[in-house]
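[1] Fold the stuff below for me.
(chains A and B)
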Amino acid sequence: MSAFLQAVVNGLMTGGVYALLALSIALIFKTMDAVNFATASMGAFCAFLFFQVGTILNLGWAAGLAVAVVGAVLLGWAVERGIVRPLGSGDLFRLVLATMGLDIVLNNATQIFFGSGVQNINAPLPSGGVGVAGINIDLTRLVILAVAVAGAIVLGVVLRCTNLGVGMRAYAQDPQAATLMGVPARTVSRWTWIISSLLGLVAAVMVASVSVLSVGFLQGTFISAFTAAVLGGLSSLPGAVAGGFILGVLEALSIAYAPRAVTIALPVLIILVVLLIRPAGLFGRLSASRA
Amino acid sequence: MAAEGLVLRGVTGGYGRSTVLHGIDVEVRPGQKVAILGPNGAGKTTMLRAVSGLVAVRSGEILLGGDTLTGLRPDEIVARGVAHVPQGRRVFPDFTVVENLRAAAYTRGGRDVDEDIARVLDAFPRLAERSGVRAGFLSGGEQQMLAIGRAVVQRPRIVMIDEMSLGLAPILIKELYGRFDVLFADIPAVIVEQNPSVALEHCSYVYVLSNGEVKASGPASEFTSHERLMQAYAGAVD
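    Residues are numbered from 1 along each chain as shown, chains lettered A, B, ... in the order given. This is a model prediction of the structure:
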């Protein structure tokens, strides 16, 4: 029993990061109808900014954070301005292909700027663990979970309570009707990419804190986050969060009880099962008026 | 020249390579309610979309209060005071009634919206009853009320409404037009209709479009005879 609970707790803690990166994917999909396959490399690039500027240049964490946030905003802005907008609407496949190309470019850029070595991160997070009722809770992972939950809440508040957020949600439902309410398409597109990029930064920094920093270090998490987003319905933000936690727990349970091969194949298996049985995802629903 | 009105001068435009509007001249004076009538495919909806910037204007110009709208982006045109209630209502299905109304205040930062919302819910008690319901679950008539309500919240200088009566029961059409007249009493309006008798009752001036051209225009009283309207549809008079 305690092994089971331990796996669930571990899973929830991993799931937070999946949820955050899944939000980054779902936010873009909701607005642009396209999957951003450069999600991982964008976030990873910004994580390099965070750790390299902070630790390698010895400027401290605050400087690293400032540079990384500015970098993530600029990267999101540049991708929207330089790739998404020129491609225009219409054939979405072009945008998907373009993000695949961007992924390659960014991974190589990361390697050129920051080298191809593997760096261990000494994250400014509490370490050690506490035992609660026979379950070991890793403090680093607990902080990461808290950051992920906070990130999701901030996103929710921005989308619900700001004028821009309301405009973005309106645009996601009906772009043309939103335009007729005075919501500028390019503003929505720009901020969607910037916010998605910031979510990617936070997720990437969290992942690097408990693993290593190297080119492509976020790819595995991306696969899991993409699975989580599909599980949640791809365009549902609450679904992405739930999908992240569900996947995290399933993964942890498979580590505890199943052969290793199952754990590795789990995301792909889940995508397959979801697409076969419930293509709209667990939380995806058909819109009442568009039916 | 009307200082506050809407003027279309020789407007030509369409989708892709096909031209739908062939040099349209239409004028809406301050406070005037103008009906745009015509058969299916006449270009009525395209005309409204050209004003809103959703369809590119290839030649000619569109002026509101003497300022040009031609070449502006749709959101800029909305910000200049054009409210366009599109065909099919196009309410946001996942937003509640109140959220839909709030979204209509986007151009003024979503502020000062409570009074407008109260005004809309006051005019449409049915909407007030269902204010927390997601718009996708409303009936067609309720969605049309909501679409009109969004235009009220936009505080426009001119309102354009496309096929208000489409798919609705006659008694509901009557009610909607009555509310529309009250809510936009002082604001010029362009009313696109396939149902001429309803439009003629509520408008003072009429343009008849066919094949992307203005075939006839004049005071509504001139078009009350069925025969005259049919002639205009066929393009036999001007």
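[2] In the chain, where is pLDDT below threshold?
    You didn't say which chain, so I picked chain A. Confidence mapping of chain A against pLDDT under 70 gives the ranges A:1, A:123, A:284-291.
[3] if you could check chain B rather than the one you did, that'd help
    For chain B (pLDDT under 70), the answer is B:1-4, B:226-227, B:234-238.
[4] Run the chain-centre distance for stretch B:25-41.
    Chain-centre distance of stretch B:25-41: 9 Å, with C-alpha atoms, centre = their mean, to the nearest Å.
[5] For the stretch 1-150 of chain A, which residue gets nearest to chain B?
    In the stretch 1-150 of chain A, the residue that lies nearest chain B is A:Lys30 (10.8 Å; C-beta to the nearest C-beta). Backbone N, C-alpha and C define where each C-beta goes, glycine included.
[6] Burial check on that residue, number of neighbours?
    21 (other C-beta atoms under 10 Å in any protein chain shown).
[7] likewise A:Ile264?
    As a burial measure, A:Ile264 scores 13 neighbours (other C-beta under 10 Å).
[8] Okay, and it sits in which element?
    A:Ile264 is part of helix A:260-277 when elements are defined by DSSP states H and E.
[9] Can you point out the buried residues in that helix?
    A:Thr263, A:Leu266, A:Pro267, A:Ile270, A:Ile271, A:Val274 (16 or more other C-beta atoms under 10 Å in any protein chain shown).
[10] Wait, the fourth one touches A:Ser224, no?
    When you say that, I think you mean A:Ile270. No. Contact criterion C-beta atoms under 8 Å: A:Ile270 and A:Ser224 do not qualify, at 9.5 Å.
[11] Spell out the residue ranges of the helices in chain A.
    Counting by DSSP state H, one finds helices in chain A at the ranges A:2-32, A:39-51, A:61-79, A:85-87, A:92-114, A:139-161, A:163-173, A:175-180, A:185-210, A:219-232, A:237-257, A:260-277.
[12] Contacts for the last one, please.
    Think helix A:260-277. With contacts defined as C-beta atoms under 8 Å, 6 or more residues apart in numbering or on different chains, helix A:260-277 is touched by A:223-224, A:226-227, A:230-231, A:247, A:250-251, A:254-255, A:281-282.
[13] could you give the angle of that helix to helix A:2-32?
    Using axes from the mean of the first three to the mean of the last three C-alpha atoms, to 10 degrees, the inter-axis angle of helix A:260-277 relative to helix A:2-32 is 40 degrees.
[14] Find the residues that touch each one of A:Ile270 and A:Ser224.
    A:Leu247.
[15] Can you report how many residues neighbour residue 62?
    No chain specified, so I'll use chain A. A:Ala62 has 9 neighbours, counted by other C-beta under 10 Å.
[16] um, chain B though
    For B:Ile62, the count of nearby residues is 26 (other C-beta under 10 Å).
[17] Whatever helix or strand B:Leu101 lives in close to chain A?
    Here B:Leu101 sits within helix B:97-103, counting by DSSP H and E. Yes. Helix B:97-103 reaches chain A (C-beta under 8 Å from any C-beta of the partner chain) through B:Glu99, B:Arg102, B:Ala103.
[18] Check which helices and strands that helix sits against.
    helix A:163-173, helix B:114-123, helix B:140-153 (3 or more C-beta pairs under 8 Å, 6 or more residues apart in numbering or on different chains; DSSP states H and E).
[19] what's in contact with the second one?
    Around helix B:114-123, the neighbours that count as contacts under C-beta under 8 Å, 6+ apart are B:98, B:101-102, B:105, B:127-128, B:131, B:149, B:152-153, B:155, B:179, B:182-183.
[20] what comes up buried for that helix?
    Buried-residue list, helix B:114-123, by 16+ other C-beta under 10 Å: B:Asp116, B:Ile117, B:Val120, B:Leu121, B:Ala123.
[21] any chance of those residues in a markdown table, with distance to B:Tyr233 too?
    Putting those into a markdown table (distance: C-beta to C-beta, whole Å) gives the following:
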| residue | distance to B:Tyr233 |
| --- | --- |
| B:Asp116 | 38 |
| B:Ile117 | 40 |
| B:Val120 | 35 |
| B:Leu121 | 39 |
| B:Ala123 | 33 |
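[22] quick one, domains of chain B?
    Domain assignment for chain B by automatic domain parsing gives B:1-81+B:160-169+B:186-238, B:87-155.
[23] ranking those domains by burial, who's on top?
    Mean neighbour count, computed with mean count of other C-beta atoms under 10 Å in any protein chain shown, is highest for domain B:87-155 among those, reaching a mean of 20.
[24] On the three-state scheme, the residue in chain B that chain A sits nearest to is what?
    Residue nearest to chain A within chain B (C-beta to the nearest C-beta): B:Gly136, separated by 3.0 Å. Judged by DSSP: H, G, I helix; E, B strand; the rest coil, the three-state class of B:Gly136 is helix.
[25] List the contacts of A:Val249.
    Applying C-beta under 8 Å, 6+ apart, we find A:Val249 in contact with A:Ala7, A:Val8, A:Gly11, A:Leu12, A:Gly15.
[26] Check the gap between it and A:Gly128 for me.
    Distance, A:Val249 to A:Gly128, using C-beta to C-beta, to the nearest Å: 23 Å.
[27] again with A:Gly134
    Per C-beta to C-beta, A:Gly134 is found 17 Å from A:Gly128.
[28] Also A:Phe37?
    A:Phe37 is 37 Å from A:Gly128, where distance means C-beta to C-beta.
[29] When these two are compared, which one has more neighbours?
    A count of neighbours by other C-beta under 10 Å puts A:Phe37 above the other of A:Phe37 and A:Gly128, at 19 against 8.
[30] Nearest residue to the middle of chain A?
    Nearest residue to the geometric centre of chain A (C-alpha atoms, centre = their mean): A:Leu21, 1.1 Å.
[31] Contacts only, for the closest residue to it other than its chain neighbours.
    Leaving out its chain neighbours, the residue that sits closest to A:Leu21 by C-beta to C-beta, 6 or more residues apart in numbering or on different chains is A:Ala225, at 3.5 Å. A:Ala225 makes contacts with A:Val17, A:Tyr18, A:Ala19, A:Leu20, A:Leu21, A:Ala22, A:Ser24, A:Ile25, A:Thr39, A:Ala203, A:Gly244, as judged by C-beta under 8 Å, 6+ apart.
[32] Just confirm the first one contacts A:Ala203, I think it does.
    In other words, A:Val17. Yes. Between A:Val17 and A:Ala203 there is a contact under C-beta under 8 Å: 5.4 Å.
[33] intersection of neighbour lists for the two?
    The contact lists of A:Val17 and A:Ala203 share A:Ala148, A:Thr221, A:Ala225, where a contact means C-beta under 8 Å, 6+ apart.
[34] For A:Ser2, see how far away the residue lying closest to the first one once chain neighbours are set aside is.
    By the measure of C-beta to C-beta, 6+ apart, the closest residue to A:Ala148 outside its immediate chain neighbours is A:Gly16, 3.2 Å from it. Here the distance between A:Gly16 and A:Ser2 works out to 22 Å (C-beta to C-beta).
[35] likewise B:Gly53?
    With C-beta to C-beta as the criterion, B:Gly53 and A:Ser2 are 64 Å apart.
[36] Would you mind listing what in chain B touches chain A?
    B:52, B:54, B:73-76, B:78-79, B:84, B:86, B:90-95, B:99, B:102-104, B:106-107, B:109-110, B:134-137, B:143, B:150, B:154.
[37] try it again with 6 Å
    Taking C-beta under 6 Å from any C-beta of the partner chain as the measure of proximity, chain B contacts chain A at B:74-75, B:78-79, B:84, B:90, B:92-94, B:103-104, B:106-107, B:109-110, B:136-137.
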